[in-house]
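Asker: When you get a sec, could you give me coordinates for this:
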Amino acid sequence: MSEEASRFCGGCGTELAPGLLNCPACHRLVHAERLKRLAAEAELLESQGDVAGALVPWRQALELLPPGTRQSQTLGTRVAELSKRIEGGATAIPAGPAPGSRWARWLAPLGAAGLLLWKVKFVLVFALTKLKLLLLGLTKASTVFSMFLSFGVYWTAWGWRFALGFVAAMYVHEMGHVAALSALGIRASAPMFVPGLGAFVRMDQYPQSPREDARVGLAGPLWGLGASLALHGVYLWSGGAIWAALAHVSAWLNLFNLLPVWQLDGGRGFRALSRHQRFVVAGAMAIAWALTHESLLMILALVGGVRAWSGEAPSDGDQRTLFEWLLLIAGLAPLCAVAVARG
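Answerer: Prediction:
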C-alpha cells in the first residue's frame with residue numbers, strides 16, 4: 001500500500017490520521033493486506049521448521065494490530081508459544097543420533113565412546129555457531145567505527161593492551177543480548193559503543209513478556225561471565241597481571257549491570273521473578289558479599305531487597321530466570337575477589 005493510499009480507508013474511504021491502526025468509521029484494519037502477507041510468510045517458515053524466522057513476521061504483524069483487540073491478544077499468545085518452543089529447543093541436548101541415521105550406523109559399534117563423540121560434535125557445532133555470531137557483529141561498519149573510537153579513548157587512559165581487552169569484553173556482553181534477541185525473532189541493531197560510557201543494542205521491537213525480557217536482559221551478563229572466565233583462564237595460564245585486571249574489570253562491569261533497577265540488565269531480569277524468588281536472589285547477593293567483601297554486592301543485595309519487598313511481582317516466577325541469577329552471582333562474585341587478590 002502506498003503512502004498516499006494509506007491515508008484513506010480501503011473499506012469506506014475515510015481519511016486516516018497518521019499512526020492509526022484501524023479505521024475510526026468502519027473499524028477496518030489499516031494494514032489488512034500487509035498483515036495477510038506477514039501471516040503467510042510466518043506460516044510458511046513455521047511449516048519449514050524455522051520457528052525463530054517465523055517469529056520475525058509474527059512480531060511485525062503484532063505491531064500493526066491495535067493493542068487490546070482480540071486479534072492482538074490471539075497473536076500475542078501465539079508469539080509467546082513460539083518463544084517457549086525456541087527456548088525448549090535451545091536448551092535441549094540431543095541424547096544421540098537418530099536410529100538409522102548415517103551417524104548412528106557409524107557410531108553404533110563404538111558404544112559409549114560413539115555417544116560421547118556425538119555429544120562432542122553437538123558441542124563443537126554449538127561453539128562454532130556462537131563464534132560465527134560474534135564475528136558477524138564485526139561486519140557492521142557502525143559497530144567497528146564506534147569500537148575504534150572507544151578503543152582510542154581507553155588507550156589514552158590505560159594503554160592499548162588493556163583498552164583492547166576492555167572493549168572486547170564489552171563487545172561479548174552486548175553480543176549476548178544480540179544472540180538472545182535473534183533467537184526470539186526480535187529485530188535489533190548491532191552493538192554501538194559510546195566512548196567513556198559503554199555500549200548498547202537498540203531494539204526495533206520489544207519483548208512481549210517478562211520472561212522474554214529476562215532472557216534478553218540476562219543474556220548479556222551470561223556471555224560476559226564467559227568472557228571473564230576466559231580472561232581469568234588466560235591469567236592462570238600465562239601469569240600476566242593484565243589478564244587478571246581485565247578479568248576483574250569484566251566481572252565487575254557485568255555485576256554492575258545486574259543492579260535490579262530501571263533498564264539495566266538486572267532490572268529486566270527481576271521482572272520475571274516472583275516476590276519469593278527476588279528474596280532468594282537478594283539473599284544470594286548478601287551471602288556473596290559476606291564471602292567476598294565486594295562492596296558492589298552489598299549494594300546489589302540492598303537494592304534487590306527493596307525491589308523484593310515493594311512493587312508488583314508475578315505470582316508464578318520463572319525458574320530458569322532464577323537459575324540464571326544464581327549462576328551469575330556464583331560466577332561473577334568470586335572472579336571479582338580472586339582477580340583483586342592476585343592482580
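Asker: quick one: low-confidence ranges for the stretch 1-150 of the chain?
Answerer: 1-6, 10-11, 88-137 (pLDDT under 70).
Asker: what are the ranges of the helices in this protein?
Answerer: Ranges of helices within the chain are 32-47, 51-63, 70-91, 102-107, 112-137, 141-158, 160-183, 210-238, 241-256, 265-270, 275-292, 295-309, 319-342, based on DSSP state H.
Asker: Now do the buried residues in the first one.
Answerer: Within helix 32-47, the residues that qualify as buried are 35, 38, 41, 42, 45, 46, counting by 16 or more other Cβ atoms under 10 Å. To be clear about C-beta, it is placed using only N, CA and C from the backbone, and glycine gets the same treatment.
Asker: And for the third one?
Answerer: By neighbour count on 16+ other Cβ under 10 Å, the buried set for helix 70-91 is 72, 75, 76, 78, 79, 82, 83, 86, 87.
Asker: how about the nearest residue to the first one, chain neighbours excluded?
Answerer: The reference is to residue 72. In space, and not counting its chain neighbours, residue 72 is closest to residue 65: 4.2 Å by Cβ to Cβ, 6 or more residues apart in numbering.
Asker: and the one you found, how many neighbours?
Answerer: Neighbours of residue 65 under the rule other Cβ atoms under 10 Å: 20.
Asker: Does it touch residue 78 like I think?
Answerer: No: applying Cβ atoms under 8 Å, one finds residue 65 not in contact with residue 78, separated by 11.8 Å.
Asker: Residue 245 versus residue 162, what's the distance?
Answerer: Using Cβ to Cβ, to the nearest Å, we find residue 162 at a distance of 7 Å from residue 245.
Asker: Between the buried residues of helix 70-91, which sits nearest residue 226?
Answerer: The nearest member of the buried residues of helix 70-91 to residue 226, counting by Cβ to Cβ, is residue 87 at 19.2 Å.
Asker: OK, contacts around the closest one?
Answerer: Going by Cβ atoms under 8 Å, 6 or more residues apart in numbering, residue 87 touches 215, 320.
Asker: ok, the residue lying closest to residue 298 once chain neighbours are set aside - how many residues close by?
Answerer: Leaving aside its sequence neighbours, residue 298 sits nearest to residue 289 (Cβ to Cβ, 6+ apart; 4.6 Å). Applying other Cβ under 10 Å, we find 20 residues neighbouring residue 289.
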